[in-house]
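Enquirer: Next come a sequence and a model predicted from it.
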Amino acid sequence: DLKGKSARPKPVVLTGVVGGVVALRMTADCRHVIAAGARSLRLWDLKAGEPDRTPRELQTGGPIAGVSLDAERAIVAAGSKLVVCDLGNGAGACQELAGHSKNVRSVDLASASGWAITGSDDGSVRLWDTRANTGAASLQAHHPEPVRALALGDEGKVLSAAGADAYLWRLRGAQPPEKLLHLPGQGGRPIKAVALSPNSTWAATAADEASLVLWRLAGDKATSTLVATGSRLTRLAFSEDGAWLAGVGPQAACAVAMRGVGQPTCQPLPQAGELSALAFIPGGYTVAVGGTEREVVVIDLDAVARGTGSARQELGKGTGGVRVLAASPDGRWLAAGGEHADGRLWDLKARGSPAQKLGGLVETVEALAFSPDGRWLAAGAGRKVFAWDLSAFTQPPTHVLEGPAGTVRALAFSSDGALLLSGGADGKLLAWPVNAMASAPLEVGAQTGMVTQLATLAGGGFAVSAGNDPTLHFWPLTARPLWDLAQRVNGPAAPASP
């Protein structure tokens, strides 16, 4: 105590740091001292009568390279992760934030704002909001069987299918998901496709039978109507205003006019071959379909309803069967992906223009996604994600993103357009900041079994994933680094000055 009365003050000896002291810090209010050992922190409260008798031990799980702190939290560089420890809580109050791909070498915290900055051997400098929700775990909605399909509605609603039944959930903030409705199966066969209207007043489910079920949703009640389809459907989708429901399958394609009167009917659509891909094109009532015949066809549903004019427009054949289709939110672009590394892009506003080839692909395209502003197109093929900047399109991809350890099965952009997310066979959800795609991916979380379904809720705060386990996962996106300030630095990051 340098302000004490003694001319030669005696030190208070604080002991017990395992592996030697690699970093030492004191809070600005002089209350806490924290020492970093090899893989743990030791914290003393100097306002305690005998601080060395009541230390707290905080485990970080990785080799510690640096520590920064304010009066509320300690930020620790531990291996490739950032560990945030709350100084006001008891033991076990540490949480990990993932983002760097190699060891973090330096960390600093701006105490007034809660922002932390890190430098790593991966050559990146990242900025984090440590006061955001730092929980890496997902909010979970449990099912009796693996979740095979999901669809989003308004106000945080999600429709999921597990086995022969479907369930309607709602997520509000960071609270556990609320189950609003259980939609029981009709016939006992597993549901393969679901759709939810934009205002969540209608749901549709399709199983391995020649019909679909329309559900009218009203509060905590749901009434069902069986609609014959001629054959089983494997994809369902509503138009952006909910006026039409369309479905495709190996031997059927049809559409239901939701504003009709009387018993709804699924009107057959012109098709060729087995269909497996479906996408509504915003700005009208046209739907794109594709399948084994390698052909992409655009169908005008109003023309189908009137029975007049040409309802079918062929956009051309590719090199492989079509697996997935996606349309940009502004209705300008249509993308198709499929077997034999087939990737194609059409500018629908330039009538009659041929398809542009998506270059760089070497494996089957399993997933496609457009950013909310329509500027970016992403494709998942093999263990890579390819991204094209459509504001200046070139056939070679603008970025080739690596990181997934398994085949990419699903892609989505956050609704604010800030993140591109992927999920796949390794069960991990990865994210790249759109303004720094060349950086290493950020690990959002991991689930048991592969990810086959991925979407983001309006507002950008949560991603929803499902796959080969009986759980629907809601992942908070605010716990990740917001920016990669330096995409690449020459050599490892240097330690920060004291």
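Expert: Perfect, thanks for sending it.

Enquirer: Helix, strand or coil: sort out the residue lying closest to Leu181 once chain neighbours are set aside for me.
Expert: Nearest residue to Leu181, sequence neighbours excluded (Cβ to Cβ, 6 or more residues apart in numbering): Leu168, at 4.1 Å. All C-beta atoms are positioned from the backbone trio N, CA, C, and that covers glycine. Counting by DSSP: H, G, I helix; E, B strand; the rest coil, the backbone at Leu168 sits in strand.

Enquirer: Neighbours of Leu168, how many?
Expert: For Leu168, the tally of surrounding residues (other Cβ atoms under 10 Å) stands at 24.

Enquirer: Residues contacting the helix or strand where Leu377 lies, please?
Expert: Using DSSP states H and E, Leu377 sits in strand 376-381. Contacts to strand 376-381, defined as Cβ atoms under 8 Å, 6 or more residues apart in numbering, come from residues 326, 328, 333, 335, 337, 341, 343, 345, 358, 361-371, 385-390, 407-411, 413, 420, 422, 424, 434.

Enquirer: what bridges to the residue nearest to Leu181?
Expert: Leu159, Leu181 (DSSP bridges).

Enquirer: Could you list the low-confidence segments of the stretch 51-200 of the chain?
Expert: Along the stretch 51-200 of the chain, segments meeting pLDDT under 70 span 61, 88-94, 96, 98-99, 111-114, 129-137.

Enquirer: and if we set it to 90?
Expert: Along the stretch 51-200 of the chain, segments meeting pLDDT under 90 span 51-139, 155, 171-176, 185-188.

Enquirer: What ranges does it have for its strands?
Expert: In the stretch 51-200 of the chain, the strands defined using DSSP state E, counting those that start in this stretch lie at 56-59, 64-69, 73-78, 81-86, 94-97, 104-110, 115-120, 125-129, 139-142, 147-152, 157-162, 165-170, 178-183, 191-196.

Enquirer: for the stretch 201-350 of the chain, same thing?
Expert: According to DSSP E, counting those that start in this stretch, the strands that the stretch 201-350 of the chain contains are 202-207, 211-218, 221-228, 235-238, 244-249, 252-257, 266-268, 275-281, 286-291, 295-300, 312-317, 322-327, 333-338, 342-347.

Enquirer: and Met26, how many neighbours?
Expert: There are 14 residues near Met26, going by other Cβ under 10 Å.

Enquirer: swap in Pro55?
Expert: Neighbour count for Pro55, taken as other Cβ under 10 Å: 20.

Enquirer: Ok, Arg383 next?
Expert: Arg383: 17 neighbours (other Cβ under 10 Å).

Enquirer: Adding distance to Ala253, write the strands of the stretch 51-200 of the chain out as TSV.
Expert: Output for the strands of the stretch 51-200 of the chain, formatted as TSV (distance: least, Cβ to Cβ, whole Å):
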stretch	distance to Ala253
strand 56-59	57
strand 64-69	58
strand 73-78	54
strand 81-86	48
strand 94-97	46
strand 104-110	52
strand 115-120	50
strand 125-129	47
strand 139-142	32
strand 147-152	18
strand 157-162	20
strand 165-170	22
strand 178-183	24
strand 191-196	13
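
Enquirer: got the residue ranges for the helices in the stretch 301-450 of the chain?
Expert: 301-306 (DSSP state H, counting those that start in this stretch).

Enquirer: Where does pLDDT dip in it?
Expert: 304-314, 316-320, 350-354, 403, 415-416, 418, 432-449.

Enquirer: Wait, Glu72 touches Leu87, no?
Expert: Yes - the pair Glu72 and Leu87 qualifies as a contact (Cβ atoms under 8 Å) at a distance of 6.0 Å.

Enquirer: So for these two, which sits in the more crowded spot?
Expert: A count of neighbours by other Cβ under 10 Å puts Leu87 above the other of Glu72 and Leu87, at 19 against 14.

Enquirer: related to what we said a few turns ago, between the strands of the stretch 51-200 of the chain, which gets nearest to Pro441?
Expert: When the strands of the stretch 51-200 of the chain are compared by Cβ to Cβ, strand 125-129 sits nearest Pro441, at 12.2 Å.

Enquirer: Quickly run through the sheet partners of that closest one, with directions.
Expert: For strand 125-129, pairing defined by DSSP bridges yields strand 115-120 (antiparallel), strand 483-486 (antiparallel).

Enquirer: Do you have the strands of the stretch 351-498 of the chain handy? List them.
Expert: So, for the stretch 351-498 of the chain - with DSSP E, counting those that start in this stretch - the strands run 356-357, 365-370, 376-381, 384-389, 399-402, 408-413, 419-424, 428-433, 442-446, 451-456, 462-467, 469-476, 483-486.

Enquirer: Between those strands, which one is closest to Asp300.
Expert: For Asp300, the closest of the strands of the stretch 351-498 of the chain is strand 365-370, at 21.6 Å, according to Cβ to Cβ.
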